[in-house]
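# Need a 3D model of the sequence below.
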Amino acid sequence: QVQLVESGGGLVQAGGSLRLSCAASGRTISTNTVGWFRQAPGKEREFVAAIRWIAGTTDYTDPVKGRFTISRDNARNTVYLQMNSLKPEDTAVYYCAAAEFISSMTSRPPRINYWGQGTQVTVSS
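Take a look at the predicted model:
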């Protein structure tokens, strides 16, 4: 049974930083890629970033490039999302997700095998 458990959300002022963590258990080929999505009130859930466990290949949505960094610790089965220079428009519930490929996450609709429960990120102006 695959489980994704997020942590690290919270309230921060604009320009501040937060680091989200996603601890994954029960890894399989269906979880070769782990990433983050976010959903703001009244909006669709959108792709943020993804990383391949083995190769470390990454991808980001344009609005977060240069501000967010996704990384992984294979020994701890944990993926991180370092978020710097946060803006009020980054406010959302952030969800960890697992899929086989990065393209599975960036496709519309995304082909996600597992979701975490979500963690709230609020950026005040």
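# Dump stretch 66-78 to CSV, restricted to CA.
Extracted in CSV, the C-alpha atoms of stretch 66-78 (Å, rounded to 0.1, in the frame of the first residue of the first chain):
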residue,chain,number,x,y,z
GLY,A,66,13.4,30.2,-10.3
ARG,A,67,11.5,30.4,-6.9
PHE,A,68,10.7,26.7,-6.1
THR,A,69,13.1,23.8,-6.0
ILE,A,70,12.1,20.2,-5.9
SER,A,71,14.5,17.6,-4.5
ARG,A,72,14.5,14.1,-3.1
ASP,A,73,16.3,12.0,-0.5
ASN,A,74,16.2,8.4,-1.7
ALA,A,75,17.4,7.1,1.6
ARG,A,76,14.5,8.7,3.4
ASN,A,77,12.0,8.1,0.6
THR,A,78,11.2,11.8,0.9
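# what's that stretch in contact with?
Stretch 66-78 is contacted from outside by 21-25, 27, 34-36, 48-51, 53, 56, 58, 60, 79-86, using CB atoms under 8 Å, 6 or more residues apart in numbering. Quick note: C-beta positions are derived from backbone N, CA and C, even for glycine.
# what about it, distance to the chain center?
Between the centre of stretch 66-78 and the centre of its chain there are 10 Å (CA atoms, centre = their mean, to the nearest Å).
# And it, what's buried?
Across stretch 66-78, burial judged by 16 or more other CB atoms under 10 Å covers F68, T69, I70, R72, N77, T78.
# In which helix or strand does the residue nearest to the spatial centre of the chain reside?
What sits nearest the mean C-alpha location of the chain, by CA atoms, centre = their mean, is W36, with 1.8 Å. In this assignment (DSSP states H and E), W36 forms part of strand 33-39.
# Report the buried residues of that strand.
Residues of strand 33-39 classed as buried: T33, V34, G35, W36, F37, R38 (neighbour count, 16+ other CB under 10 Å).
# For these, give me JSON lines that also has pLDDT and distance to G9.
Listed next are those as JSON lines, based on pLDDT from 0 to 100; distance: CB to CB, whole Å:
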{"residue": "T33", "pLDDT": "95", "distance to G9": "22"}
{"residue": "V34", "pLDDT": "96", "distance to G9": "17"}
{"residue": "G35", "pLDDT": "97", "distance to G9": "16"}
{"residue": "W36", "pLDDT": "98", "distance to G9": "11"}
{"residue": "F37", "pLDDT": "98", "distance to G9": "14"}
{"residue": "R38", "pLDDT": "98", "distance to G9": "11"}
